[in-house]
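Enquirer: Any chance you could fold what I've pasted below:
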Amino acid sequence: MSASFQSARSSFAGWHTPLRPRRGQAAVEFALILPVLILIVSSVFEFGRLFIVYSSLSNAAQEATRYAVASGTNGSGTLHFLDCAGIRAAAKRSASLHALEDGDIEIWYDDGDSTAYDSSTYLALCDGHPAPSLIQTTDRIVVSVRSTYQPMLLMFDLPPLPVTFLSARTIIKEVQS
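Expert: Numbers count the residues shown, from 1 in each chain. Below you'll find the model as predicted:
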């Protein structure tokens, strides 16, 4: 063999030796970045779940008040704004991705002048079966839907997060044509 071929061959053989330590270096770098990657992916997952709960409860409150202010009666002759079971059913139907119980849904009537959306200023509670004469056309119905968001992944030490939505609309007792 010629001397130039021998030197090229020996330099080529030396060129492969540094690759072996680099494979170990890549494994160490991956091991260092893996916890950060898992944290990012699980955070995206948890925030996605929180957004689903948020939008589901918001939609449930809005749909319940839409049902309540619809003019007319339900199938059994009860006015929509007095049909507590129908209002709760509308909320549960629209929150299909998040299970709601009857206790998660509060319904009350107020005079429409109050800016405090809490049940302490109510005229009547829906469950108290108020008389239709007690509720005037300018009054409003308020539906409160609440639930608790609990993270699924245990790597986050977050306490349960209460989520509450309120929706209020003015009651129209009758529509004249």
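Enquirer: going forward, measure contacts between C-alpha atoms and count neighbours the same way
Expert: Noted.
Enquirer: okay, which residue is most central for the protein?
Expert: With distances taken as Cα atoms, centre = their mean, the residue of the chain nearest its centroid is residue 53 (1.8 Å).
Enquirer: which residue packs closest to that residue, ignoring adjacent ones?
Expert: residue 98 (6.4 Å; Cα to Cα, 6 or more residues apart in numbering).
Enquirer: and the one you found, how far is that from residue 58?
Expert: 11 Å (Cα to Cα, to the nearest Å).
Enquirer: what mean pLDDT does stretch 94-107 have?
Expert: The average pLDDT for stretch 94-107 rounds to 88.
Enquirer: List the buried residues for that stretch?
Expert: 94, 95, 98, 100, 104, 105, 106, 107 (16 or more other Cα atoms under 10 Å).
Enquirer: Tell me the gap between it and the middle of its chain.
Expert: In terms of Cα atoms, centre = their mean, to the nearest Å, the centre of stretch 94-107 is found 12 Å from the chain centre.
Enquirer: which outside residues touch it?
Expert: The contact list for stretch 94-107 (Cα atoms under 8 Å, 6 or more residues apart in numbering) reads 52-53, 56-57, 59-60, 63, 84, 88, 91-92, 125-127, 141-147.
Enquirer: ok, of the residues you listed, which come out buried?
Expert: 53, 56-57, 59-60, 63, 84, 88, 91-92, 125-126, 141-147.
Enquirer: Cheers, nothing more for now.
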